[in-house]
Structures are given as structure tokens and as C-alpha cells.
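Participant: could you look at this predicted model? Sequence included:
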Amino acid sequence: MIGSIRWNFLVGGLSFALTFCVSIVNNIWLTTLLRSVYSFIILFLVVFACRWALGTLAGFNKPAGAETLHDESAEEHKGNTLDLSTPDEEADLHQMLRNSQDGKESAGGTGFAPLNPPKLSSKSNLDAGELAQAVRHMTEQ
């Protein structure tokens with residue numbers, strides 16, 4: 001964070017005093033005091049958020065002693081680069097294909113064979129009694 005908590009108290013105190021002076025003319029002292037406290041709290045938190053945001057953006061939020069933890073430059077740059085190139089594995093692929101072809105020839109030529117599923121047939125000569133019995137059976141379950 002940038003600065004210290006004194007900035008929060010200074011801005012909060014000024015807002016308290018300004019709100020109190022402006023509000024005492026038109027309100028009773030309890031209402032004036034309550035609104036002044038609200039003003040102090042709100043501006044205290046706003047200044048705190050601004051100090052935190054500025055410290056984060058400027059890079060002041062490093063842990064104390066972060067410089068001593070990683071002295072090696074190799075550790076410091078680890079994980080910063082990404083290698084998107086793929087290695088050339090064409091020779092390995094050809095070797096695997098040759099081995100698989102050699103294995104098929106020695107196994108008796110059992111190569112690719114398409115799947116032959118059984119054909120579905122439909123019954124066109126259905127009896128009305130059988131259909132009624134099937135419907136009754138399905139409604140009972």
C-alpha cells in the first residue's frame with residue numbers, strides 16, 4: 001500500500017469536521033454527530049481502497065523479504081515462457097506403422113474387417129389379439 005494509515009485518519013477527520021460544521025446549522029446535535037461519523041467511516045474506507053489499488057498497480061504490495069527468498073535468476077524466471085512447438089515424431093509414427101503391419105502378416109493376415117451387425121426385421125403380419133395382449137402387459141408394469 002502507498003502511504004500509511006495516517007492518510008485514512010486525516011481524510012476521515014477532515015470529512016468528519018466538514019460534515020459536522022455544515023450539518024450543525026440545520027440539524028440537532030445527535031443527527032449531526034451521527035452523519036459526521038458516517039462520513040468519517042465512508043471516506044476512511046474509500047481512502048483505504050484507493051491506497052490499496054494504487055499500491056497494487058504500482059507494485060508496492062510485495063511481501064517483506066521477497067527479495068531474499070529467490071536470489072537465483074533461474075528460479076525467478078521459471079514458468080514465464082510457454083513452448084507451443086510440437087516435437088517431430090514422424091519417424092516414430094512410421095516405425096509404429098511398420099511394426100503393426102509386420103505383426104498382422106505374421107498373425108495370418110487378420111487385418112481390418114468391417115462390423116456386420118444383424119439386420120433388424122419387422123413383423124408385418126401381427127394379430128390384433130397379440131397387439132392387445134402386448135398393450136395390456138405394458139400398462140400393468
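Facilitator: Nice, I can see it.
Participant: longest single helix anywhere in this protein?
Facilitator: In the chain, with assignment by DSSP state H, the single longest helix is helix 29-58.
Participant: just how off-centre is that helix within its chain?
Facilitator: Between the centre of helix 29-58 and the centre of its chain there are 32 Å (C-alpha atoms, centre = their mean, to the nearest Å).
Participant: number of nearby residues for A53?
Facilitator: By the criterion of other C-beta atoms under 10 Å, A53 has 12 neighbours. For every residue, glycine as well, the C-beta is placed using N, CA and C.
Participant: distance of it relative to L43?
Facilitator: Between A53 and L43 the computed distance is 15 Å (C-beta to C-beta, to the nearest Å).
Participant: okay, now the unreliable bits of this structure?
Facilitator: The chain contains residues with pLDDT under 70 at 1, 60-74, 102-111, 141.
Participant: okay, helices next: where are they in it?
Facilitator: Under the criterion DSSP H, the chain contains helices at 5-23, 29-58, 66-69, 73-76, 90-106, 128-140.
Participant: out of those helices, which is closest to D83?
Facilitator: Ranking those by proximity to D83 (C-beta to C-beta) places helix 73-76 first, at 16.2 Å.
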